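> here's my sequence, what's the structure:
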Amino acid sequence: MIAEEKYSELSEHIGSVLPLLNEKQKRIFLASEAISLGYGGVKIIPSVV
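From the prediction side, this is the model:
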């Protein structure tokens, strides 16, 4: 799993961007975040959101 500091930083980043996006943009943004995290990113993103 990712470190607690990285988790809170990621949560803050995602939380500040999501309200500005429509549904399709949210899906694309979260997918790109999951890819940038690398292995396990797809499992981490839902726990952050």
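
> how near is the residue of the chain positioned farthest from its centre to residue 28?
No residue in the chain sits farther from the centre than residue 22, which is 15.4 Å out by C-alpha atoms, centre = their mean. As judged by C-beta to C-beta, to the nearest Å, residue 22 and residue 28 stand 10 Å apart. Using the backbone N, CA and C atoms, a C-beta is placed for each residue, glycine as well.

> next, count neighbours for the closest residue to residue 37 other than its chain neighbours.
Closest residue to residue 37 apart from its sequence neighbours, by C-beta to C-beta, 6 or more residues apart in numbering: residue 44 at 5.7 Å. A count of neighbours around residue 44, defined by other C-beta atoms under 10 Å, yields 19.

> on the three-state scheme, residue 44 is what?
helix (DSSP: H, G, I helix; E, B strand; the rest coil).

> residue 35 is in contact with that one, correct?
No. Using C-beta atoms under 8 Å, residue 44 is not in contact with residue 35, being 11.4 Å away.

> export the strand or helix carrying residue 34 as CSV, just CAs?
For residue 34, the host element (DSSP states H and E) is helix 23-37. Provided in CSV are the C-alpha atoms of helix 23-37 (Å, rounded to 0.1, in the frame of the first residue of the first chain):
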residue,chain,number,x,y,z
GLU,A,23,-18.7,12.4,-15.2
LYS,A,24,-16.7,11.5,-18.3
GLN,A,25,-13.8,13.8,-17.3
LYS,A,26,-13.8,12.3,-13.8
ARG,A,27,-13.5,8.8,-15.2
ILE,A,28,-10.6,9.8,-17.5
PHE,A,29,-8.9,11.7,-14.7
LEU,A,30,-9.2,8.9,-12.2
ALA,A,31,-8.0,6.4,-14.7
SER,A,32,-4.9,8.5,-15.4
GLU,A,33,-4.2,8.8,-11.7
ALA,A,34,-4.5,5.0,-11.3
ILE,A,35,-2.0,4.5,-14.2
SER,A,36,0.4,7.0,-12.8
LEU,A,37,0.5,5.1,-9.5
